[in-house]
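Asker: compute the structure for the input listed below.
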Amino acid sequence: VQLVESGGGLVQPGGSLRLSCAASGFTFTTSAMNWYRQAPGKERELVAGRNSAGGSTNYADSVKGRFTISRDNAKSTVYLQMNSLKPEDTAVYFCHTWTVRYGLKVDYWGKGTLVTVSS
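Answerer: Residues are numbered from 1 along each chain as shown. This is a model prediction of the structure:
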């Protein structure tokens, strides 16, 4: 399993970024995909999730109305569109998926992409 994030960078408050996560090594179309983030000195938190084919999504309260998760099953890629960015959105953003092997949940993570919101 490989998850490779891209699209991070420095953006001013109020700006936008789109993160991408290219996935390989597993059946993307039947896997839920998530975005997490971890700010300095804080625990990793779930930002947004989208299930496999049904389109059901969930968002952290702090990003509702500003962030949108989407997926392109043909490209095995999941996106996170981030609008109206705030300094508190500054964090390393990680792509995540999971599977069950031998009855146990196994998590897979990308290496992350840094988003810095600052003027």
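Asker: distance check, the residue nearest to the spatial centre of the chain against residue 18.
Answerer: Centroid-nearest residue in the chain: residue 35, 2.2 Å away (criterion: C-alpha atoms, centre = their mean). For residue 35, the distance to residue 18 under the criterion C-beta to C-beta, to the nearest Å works out to 12 Å. The C-beta positions use only the backbone N, C-alpha and C, and glycine is treated the same way.
Asker: so what sits against both of those two?
Answerer: Overlap of the contact sets of residue 35 and residue 18 (by C-beta atoms under 8 Å, 6 or more residues apart in numbering) consists of residue 80.
Asker: could I get the buried residue list for stretch 45-58?
Answerer: Judged by neighbour count (16 or more other C-beta atoms under 10 Å), stretch 45-58 contains these buried residues: 47-50, 52.
Asker: quick one: contacts for residue 59?
Answerer: Residue 59 makes contact with 47-48, 67, 69, according to C-beta under 8 Å, 6+ apart.
Asker: what distance do you get for it to residue 101?
Answerer: 28 Å.
Asker: got it, and residue 94?
Answerer: Counting by C-beta to C-beta, the gap between residue 94 and residue 101 amounts to 21 Å.
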